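Chemist: just a sequence and a predicted model for now, questions to come.
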Amino acid sequence: MAKVTLKGLSHSYLKTQSSDADWAIREVDIDWNDGGAYALLGPSGCGKTTLLNIISGLITPTKGDILFDDKVISGLNPVERNIAQIFQFPVIYDTMTVYDNLAFPLRNRKIPEEEIKVKVHEIAEMLELSSTLNNRASGLTADGKQKISLGRGLVRSDVNAIMFDEPLTVIDPHLKWILRSKLKELHQKINRTMIYVTHDQTEALTFADQVVVMHEGQIVQTGTPVDLFEKPKHTFVGYFIGSPGMNVLPCQIKGNDVIVNGKKIETHQQIKKSNFNKTEVGVRPEFISFSNEGIPVKVLSVSNTGRHKIVDTESETGKIKIIAKSNEDIPSGSAFLKFKKEYTYTYGDSWIIE
Amino acid sequence: MNKTVNQKAWFFVIPVFVLVAFNAIIPLMTVVNYAFQETFGNNVFMWEGTRWFKQIMLSERFHASLGRQFLFTFIILFIQIPLGIAIALTMPKEGIGVPVCLVLMSMPLLIPWNVVGAMWNIFALPDIGFLGHSLNALGFDYNFTQQIGDAWFTTILMDVWHWTSLVVLLSYAGLRSIQPAYYQAAEIDGASRWAIFTKIELPKMKKVLTIAILLRFMDSFMIYTEPFVLTGGGPGNATAFLSIDLVKMALGQFDLGPAAAMSLIYFFIVLLVCWVFYTLMMRNEEKS
């Protein structure tokens, strides 16, 4: 169990780097507390797996330091770091039984056989694998195999952190939520630092206390699921999280006023500076309502999801999506929109203006 | 689903049937024909029943060549399979070394068999061959044309040189198909290099190794050209493997009936060994 700290971490797969795009990870700083559940969220290719492999020691970073409990461990190999990692697809040792698979990491560490037996049975119990302990591991279903991978990480009681690299990718949808709640439950039971990498916002938001959103090798925001939803610090977080994502509209800033489509709107922040190349207003579909005055739009289509209606509208400078209650009457043709002030933010060059 | 019945489809099978008939079925049936009859030419045949089979099965000459054949095959499998795996493990995994190694490895496989035989014959000649001359210069009394041990040594060395590459290429393909996550997981689990080899690499290579062993078994069991050119089966009958002995009987002595019976027995031995081996290797696959 350990506190994980990353300091000024950068990594490039190239020998020489000429531009920002050559870096898989740029200047990442993270502080993760002992025993927390964290998620690294981002689209494919954003560097989250690279970051995970750097923490586990499978990749050596180009720059920066990794600290476990304030001790620099950058030069250590995965065994010395004493971490566990669960991969995208189940990694099992085909020729061994489930029991031997779970015992493997302990046997490699020369732990006495009686101790191994106790530990393996305890973990098998936790993962509901007890009945299959003597079966050959290769005969199990994908979720059973993934449980073994997980079990191999859990049998060592002294691991500093457990990392998950999109562990539910190959699992059937109906089993996904079972395994996910299992993970959550395990985290509460064993109270170890867990780091979960995924591109699936539902997985990240349900699993983690703190979610780190990555975009093009950089951390764009770290926060609780509620923070990410209610106050996205970067337009990317706005449209990556939420379904549908945040509406982002170009705006002009004149003095202290924010102008969208020629109309002055109220936003959460007080605007003090305006020297940006690009300024935008972001507001989630949940926080827009129809009104008698405001931004003029044309209603294009309405789709009913059952729980609510998603309305597509078009304004002068772009499409705006609105989530309305399922029993709400939707005006047809022209309409006006009102943004909820507390949840409307102004962004300068994609970052929130503080 | 209902299948459409269309008898005209049989016409599509005819070309393949004709080809297979000419290159396999008809020759085989001719052999079967000879195996049960005696002929003195002019297409006159007399029924002999199982006489040739009994004769072959009881013949000491057949036992001796079969014994030599098994010994040879076991020795080369015993050398080539571990050696092939070992070379595949040490081959580079990326960079310019990969194509270089692959091309170098495939070279022996591309040389015609009789050329291999001729090459090694000259290479091993005790007076002027590089290998033969060097060994003698080093103080070994080496002469593959006269000494049985030297003849075997040279034949085996030649086969190892010619065919280990096949095992290497197959093993290499098997190794390259292992997902990196297996190695990463093993690293995290603290597995030793030996454990990685026995618990990950060998099981993952099982299928290609089965193919490699089968191919090497069949090819070495049917070996003809190379030892024929190298030693001609000699000295005496020391390296007269089954096929060399068979050709001697059929074309040298013109004993067509016994030779045909021997061919069939030979064929069934290959078939039986392959079947038993394959079934054993794949038995566990089906269970899981």
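Modeler: That came in fine, so what should we check first?
Chemist: so residue B:117 is in which element?
Modeler: Secondary structure here is read from DSSP states H and E; on that basis residue B:117 sits in helix B:113-124.
Chemist: next, count neighbours for residue 241.
Modeler: Went with chain A since none was named. As a burial measure, residue A:241 scores 21 neighbours (other CB atoms under 10 Å in any protein chain shown). Backbone N, C-alpha and C define where each C-beta goes, glycine included.
Chemist: if you could check chain B rather than the one you did, that'd help
Modeler: 25.
Chemist: for residue A:249, same thing?
Modeler: Neighbourhood size, residue A:249 [other CB under 10 Å]: 19.
Chemist: repeat that for the one 10 residues further on.
Modeler: By other CB under 10 Å, the residues close to residue A:259 number 14.
Chemist: need the three-state assignment for it.
Modeler: strand (DSSP: H, G, I helix; E, B strand; the rest coil).
Chemist: that older thread, list the buried residues for the helix holding residue B:117?
Modeler: Across helix B:113-124, burial judged by 16 or more other CB atoms under 10 Å in any protein chain shown covers B:116, B:117, B:119, B:120, B:121, B:123, B:124.
Chemist: closest to residue B:149 among those?
Modeler: Proximity of the buried residues of helix B:113-124 to residue B:149 (CB to CB) peaks at residue B:124, which lies at 13.2 Å.
Chemist: I'd say the closest one and residue B:136 touch.
Modeler: No - using CB atoms under 8 Å, residue B:124 is not in contact with residue B:136, being 10.9 Å away.
Chemist: common neighbours of the two, please.
Modeler: By CB atoms under 8 Å, 6 or more residues apart in numbering or on different chains, residue B:124 and residue B:136 have no common neighbours.
Chemist: and the pLDDT at the residue positioned nearest the centre of chain B?
Modeler: Ranked by distance to the mean C-alpha position of chain B (CA atoms, centre = their mean), the top residue is residue B:219 at 1.8 Å. Looking at residue B:219, its pLDDT reads 91.
Chemist: residues contacting it?
Modeler: Counting by CB under 8 Å, 6+ apart, residue B:219 touches residue B:163.
Chemist: what helix or strand does it sit in?
Modeler: Going by DSSP H and E, residue B:219 is part of helix B:202-221.
Chemist: could you give the angle of that helix to helix B:113-124?
Modeler: Interaxial angle, helix B:202-221 versus helix B:113-124 (axes from the mean of the first three to the mean of the last three CA atoms, to 10 degrees): 90 degrees.
Chemist: where in the stretch 201-350 of chain A is pLDDT low?
Modeler: Low-confidence segments of the stretch 201-350 of chain A (pLDDT under 70): A:273-274.
Chemist: by proximity to chain B, which residue of it wins?
Modeler: residue A:203 (19.1 Å; CB to the nearest CB).
Chemist: what segments of chain B are strands?
Modeler: Along chain B, the stretches classed as strands by DSSP state E are B:37-39, B:45-47.
Chemist: then stretch A:53-64 to CSV, C-alphas only?
Modeler: Extracted as CSV, the C-alpha positions of stretch A:53-64 are listed here (Å, rounded to 0.1, in the frame of the first residue of the first chain):
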residue,chain,number,x,y,z
ASN,A,53,3.0,1.2,-17.7
ILE,A,54,5.3,3.9,-16.5
ILE,A,55,3.9,3.6,-13.0
SER,A,56,4.2,-0.2,-13.1
GLY,A,57,7.7,-0.1,-14.4
LEU,A,58,7.2,-1.7,-17.8
ILE,A,59,8.2,1.5,-19.5
THR,A,60,11.0,3.9,-18.3
PRO,A,61,9.9,7.5,-18.7
THR,A,62,12.0,10.0,-20.7
LYS,A,63,11.8,12.6,-18.0
GLY,A,64,10.4,13.0,-14.5
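Chemist: distance from the chain centre to it, please.
Modeler: Counting by CA atoms, centre = their mean, to the nearest Å, stretch A:53-64 is centred 19 Å from the centre of its parent chain.
Chemist: dump the strands of chain B to JSON lines, plus distance to residue B:110, mean pLDDT and mean neighbour count.
Modeler: Listed next are the strands of chain B as JSON lines, based on distance: least, CB to CB, whole Å; pLDDT from 0 to 100; neighbours: other CB atoms under 10 Å in any protein chain shown:
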{"stretch": "strand B:37-39", "distance to residue B:110": "41", "mean pLDDT": "84", "mean neighbour count": "16"}
{"stretch": "strand B:45-47", "distance to residue B:110": "44", "mean pLDDT": "85", "mean neighbour count": "10"}
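Chemist: those strands: which one's closest to chain A?
Modeler: With respect to chain A, and counting by CB to the nearest CB, the nearest of the strands of chain B is strand B:37-39 at 52.2 Å.
Chemist: what does chain B have sitting close to chain A?
Modeler: Counting by CB under 8 Å from any CB of the partner chain, chain B comes close to chain A at B:179, B:181-182, B:184-185, B:187-192, B:195, B:199-200, B:203-204, B:287-288.
Chemist: what's the ChimeraX syntax to select whichever of these are buried?
Modeler: This is how ChimeraX selects the buried members of the residues of chain B next to chain A, with burial counted by 16+ other CB under 10 Å:
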select /B:181,182,184,185,187,188,189,190,191,195,199,200,204
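Chemist: what comes up buried for stretch A:108-128?
Modeler: Applying 16+ other CB under 10 Å to stretch A:108-128 flags A:116, A:119, A:120, A:123, A:124, A:126, A:127 as buried.
Chemist: pLDDT on that stretch, on average?
Modeler: Across stretch A:108-128, the average pLDDT comes to 87.
Chemist: near chain B at all, it?
Modeler: Yes - Stretch A:108-128 lies within reach of chain B by CB under 8 Å from any CB, at A:108, A:109.
Chemist: pull the CA atoms of that stretch into CSV?
Modeler: Output of stretch A:108-128 as CSV, limited to C-alpha atoms (Å, rounded to 0.1, in the frame of the first residue of the first chain):
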residue,chain,number,x,y,z
ASN,A,108,7.9,-17.1,-7.5
ARG,A,109,8.5,-15.2,-4.3
LYS,A,110,9.4,-18.4,-2.4
ILE,A,111,6.5,-18.1,0.1
PRO,A,112,5.9,-21.4,2.1
GLU,A,113,3.3,-23.7,0.5
GLU,A,114,0.9,-23.6,3.6
GLU,A,115,0.8,-19.9,3.5
ILE,A,116,0.0,-19.9,-0.2
LYS,A,117,-2.8,-22.3,0.4
VAL,A,118,-4.5,-20.1,2.9
LYS,A,119,-4.0,-17.0,0.7
VAL,A,120,-5.3,-18.6,-2.5
HIS,A,121,-8.4,-20.0,-0.8
GLU,A,122,-9.1,-16.6,0.7
ILE,A,123,-8.9,-14.8,-2.7
ALA,A,124,-10.7,-17.6,-4.5
GLU,A,125,-13.5,-17.2,-2.0
MET,A,126,-13.6,-13.4,-2.6
LEU,A,127,-13.7,-13.8,-6.4
GLU,A,128,-16.1,-16.8,-6.3
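Chemist: so which residues make contact with that stretch?
Modeler: By CB under 8 Å, 6+ apart, stretch A:108-128 touches A:98-99, A:102-103, A:106-107, A:129-130, A:133, A:147, A:150-151, A:154-157, A:182, A:186, A:189, B:189-192, B:195.
Chemist: re the thing from before, and which of the buried residues of helix B:113-124 is nearest to chain A?
Modeler: For the buried residues of helix B:113-124, the closest approach to chain A (CB to the nearest CB) belongs to residue B:116, at 37.5 Å.
Chemist: give the contact list for that closest one.
Modeler: Residue B:116 neighbours (CB under 8 Å, 6+ apart): B:108, B:158, B:162, B:225, B:226, B:229.
Chemist: rerun at 7 Å
Modeler: With contacts defined as CB atoms under 7 Å, 6 or more residues apart in numbering or on different chains, residue B:116 is in contact with B:158, B:162, B:226.
Chemist: how close does it get to residue A:296?
Modeler: 86 Å (CB to CB, to the nearest Å).
Chemist: burial of residue B:253, as a residue count?
Modeler: Neighbourhood size, residue B:253 [other CB under 10 Å]: 10.
Chemist: so who does residue 166 touch?
Modeler: Since you didn't name a chain, this refers to chain A. Residue A:166 neighbours (CB under 7 Å, 6+ apart): A:88, A:197, A:198.
Chemist: my bad, chain B
Modeler: Contacts for residue B:166 were tallied using CB under 7 Å, 6+ apart; they are B:109, B:212, B:215, B:216.
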